[in-house]
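**Student:** Predicted model, plus sequence, below.
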Amino acid sequence: MGIYKDHIVPRIVNWTCSSAGIARWRQKVCAGLSGDVVEIGFGSGTNVAHYPEAVRHVFAVEPAPIARKLARKRIEHSSVAIEHIGTDGQRLALADESCDAALVTFTLCTIKDPHAALLELFRVLKPGATLHFLEHGIAPDDATARWQRRLNGFEQRVADGCQLIRDPLAMVRESGFELQWSEQRFVRGPKPWSYFSVGVAIKASPTTATE
């Protein structure tokens, strides 16, 4: 599984996640980002082209060397300063309350402990900062959800731990964030892989939380 996991999976992800259809979703989730942004699951940099001009610096976290290599040209052509700061989204080499926003796309499905990663993002975000997320996950209809549960073990084996049955909105809420807006719907493609959740959540300041 070493060659497959380290060399083939990142290239498959780069290919499947670079489509025009997904680019429209990336544009949507990146809207409103500004300042210093931490992005876990940076991958091959498929979000780079969608960063708004207000983004000053991106702290990128990505474990796959091949994905980082594939990202080089996108980084070179970006006007945004992009700095790789580590490989583990569950342990960020950033100070408390140091970032203006966070970006997570198609990562909470795969990361070993998504709750730990979200808590790390909560820690490094300033009060009032936003978490922008785009994920696939468990579908609302029983028929699709049953297929997702049947296929979940296979999916984890062939897609480096990716799961079909996680609930992105629930995970975001359970980590202390307050949803500002979200949208969930099926997109074009096989239904077990095509129920998308996109949204923005806020790290409420202590004063806001008690009002």
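**Tutor:** Done, it's in. Numbers count the residues shown, from 1 in each chain.
**Student:** okay, how far is it across stretch 53-68, tip to tip?
**Tutor:** 23 Å (Cα to Cα, to the nearest Å).
**Student:** Check stretch 103-114 too.
**Tutor:** Across stretch 103-114, the terminal residues are separated by 14 Å (Cα to Cα).
**Student:** can you list contacts of that stretch?
**Tutor:** Stretch 103-114 is contacted from outside by 13, 17, 26, 29-30, 33, 37-41, 43, 46-47, 58, 89-90, 117-118, 121, 131-137, 159-164, 166, 168, 171, using Cβ atoms under 8 Å, 6 or more residues apart in numbering. Where C-beta positions appear, they are placed from N, C-alpha and C, glycine not excepted.
**Student:** what about this protein, any weak spots by pLDDT?
**Tutor:** In the predicted model of the chain, residues 1, 6-7, 12, 14-15, 18, 20, 206-211 satisfy pLDDT under 70.
**Student:** any chance you could map the helices in it?
**Tutor:** For the chain, the helices defined by DSSP state H cover 2-3, 9-16, 20-30, 65-70, 72-76, 114-124, 142-158, 168-174, 206-210.
**Student:** These: which one's closest to Gly189?
**Tutor:** Set against Gly189 and scored by Cβ to Cβ, the helices of the chain come closest in helix 20-30, at 8.3 Å.
**Student:** Would you mind extracting the C-alpha trace of that closest one into PDB?
**Tutor:** Taking Å, rounded to 0.1, in the frame of the first residue of the first chain, the C-alpha atoms of helix 20-30 are listed here in PDB:
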ATOM      1  CA  ALA A  20     -14.800  22.500 -13.400                       C
ATOM      2  CA  GLY A  21     -17.800  21.300 -11.400                       C
ATOM      3  CA  ILE A  22     -15.900  21.200  -8.100                       C
ATOM      4  CA  ALA A  23     -14.200  24.500  -9.000                       C
ATOM      5  CA  ARG A  24     -17.500  26.300  -8.600                       C
ATOM      6  CA  TRP A  25     -17.900  24.900  -5.100                       C
ATOM      7  CA  ARG A  26     -14.300  25.900  -4.300                       C
ATOM      8  CA  GLN A  27     -15.000  29.500  -5.400                       C
ATOM      9  CA  LYS A  28     -18.100  29.500  -3.100                       C
ATOM     10  CA  VAL A  29     -16.300  28.200   0.000                       C
ATOM     11  CA  CYS A  30     -13.300  30.600  -0.500                       C
END
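**Student:** Perfect, I'm done here.
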